[in-house]
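> Output the structure for:
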Amino acid sequence: QLRLVESGGGLVQPGGSLRLSCAASGFTLDDYAIGWFRQAPGKEREGVSCISSSGGSANFADSVKGRFTISRDNAKNTVYLRTNSLKPEDTAVYYCAALWVVAGCPLMEKEYEYWGQGTQVTVSS
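Numbers count the residues shown, from 1 in each chain. Prediction:
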């Protein structure tokens, strides 16, 4: 059974950091681009960042550029999203998703095939 499991969310003060993890089971991530998406209450889900299968390219939403980084450790079958300088508007459920693709990574949720259950990130003082 193919599964993606997110972890690392929580409550953090503005300006703080969290490292979100996306771990795969039932398949290897080597050939998959991984995207991170988020959905805030009352809002549509939006793309945050993605990384290609090789790790050689990544994309970021304008709202998180310079604050978030993405990386992958294929040996651990895990992708990480490091969220720095968090703001209250970053509060959302964060989801990771996988897409089998030869190169690059789209930041469009409709392209992605497999999804995790999400992890809550709350930024509040």
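
> Quickly note the distance from the nearest residue to Asn77 once chain neighbours are set aside to Asp62.
Among residues not flanking Asn77 along the chain, Ala24 sits closest, at 4.8 Å (CB to CB, 6 or more residues apart in numbering). Just so you know, the C-beta spots here come from the backbone N, C-alpha and C atoms, and that holds for glycine as well. In this structure, Ala24 lies at 28 Å from Asp62, with CB to CB, to the nearest Å as the measure.

> just Arg72 next, same as before
According to CB to CB, Arg72 and Asp62 sit 22 Å apart.

> again, but for Leu4
25 Å.

> the more surrounded of those two?
When neighbours are counted by other CB atoms under 10 Å, Leu4 and Asp62 differ, and Leu4 comes out ahead with 23 against 6.

> helix or strand for that one, which one?
If you go by DSSP states H and E, Leu4 is part of strand 3-7.
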